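A.B. asks: Sequence and predicted structure, then a few things I'm wondering about:
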Amino acid sequence: QVQFVESGGGFVQPGGSLRLSCAASGTIFSISTMGWYRQAPGEQRDLVATIRSTGSTNYADSVKGRFTISRDNAKNTVYLQMNSLKPEDTAVYYCNGAVRTTAWSYTFRDYWGQGTQVTVSS
């Protein structure tokens, strides 16, 4: 069993900052790509940023230059530093990871966290 648990969401004024964390636990041999996605009310879930085990990153255009994704492979944890927040960043943020659970299986399975609310408002 594998679990991803997010933390760090909350309420912030425009221009403020928040740092999200997501820790994976359970039967984990390795995690390849980890990422953050967000879903606003009435909208689809969209990519925010991803990071590979090598450290290579990818960002949505809307957050480039404001958000930074990072990971600690030893802790199976991914972070999202969000600066210069805007009201349009308001959403539930979900973390995701592709997990290999055993050394003898080369299959990676996607897991999701339960989500954490980020609200940006004055």
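C.D. replies: It's in. Numbering: from 1, shown residues only.
A.B. asks: Nearest to the spatial middle of this structure, which residue is it?
C.D. replies: W36 (2.7 Å; C-alpha atoms, centre = their mean).
A.B. asks: How about it: which residues does it bridge to?
C.D. replies: A49, C95 (DSSP bridges).
A.B. asks: how many neighbours does Q81 have?
C.D. replies: Taking other C-beta atoms under 10 Å as the criterion, the count of residues near Q81 is 14. Any C-beta I mention is one placed from the backbone N, CA and C, and that applies to glycine too.
A.B. asks: who does the strand or helix carrying it pair up with?
C.D. replies: Using DSSP states H and E, Q81 sits in strand 77-82. Using DSSP bridges, strand 77-82 pairs in its sheet with strand 18-26 (antiparallel), strand 67-72 (antiparallel).
A.B. asks: quick one: contacts for the residue nearest to the centre of the chain?
C.D. replies: L20, C22, V48, A49, T50, I69, V78, L80, Y93, Y94, C95, N96 (C-beta atoms under 8 Å, 6 or more residues apart in numbering).
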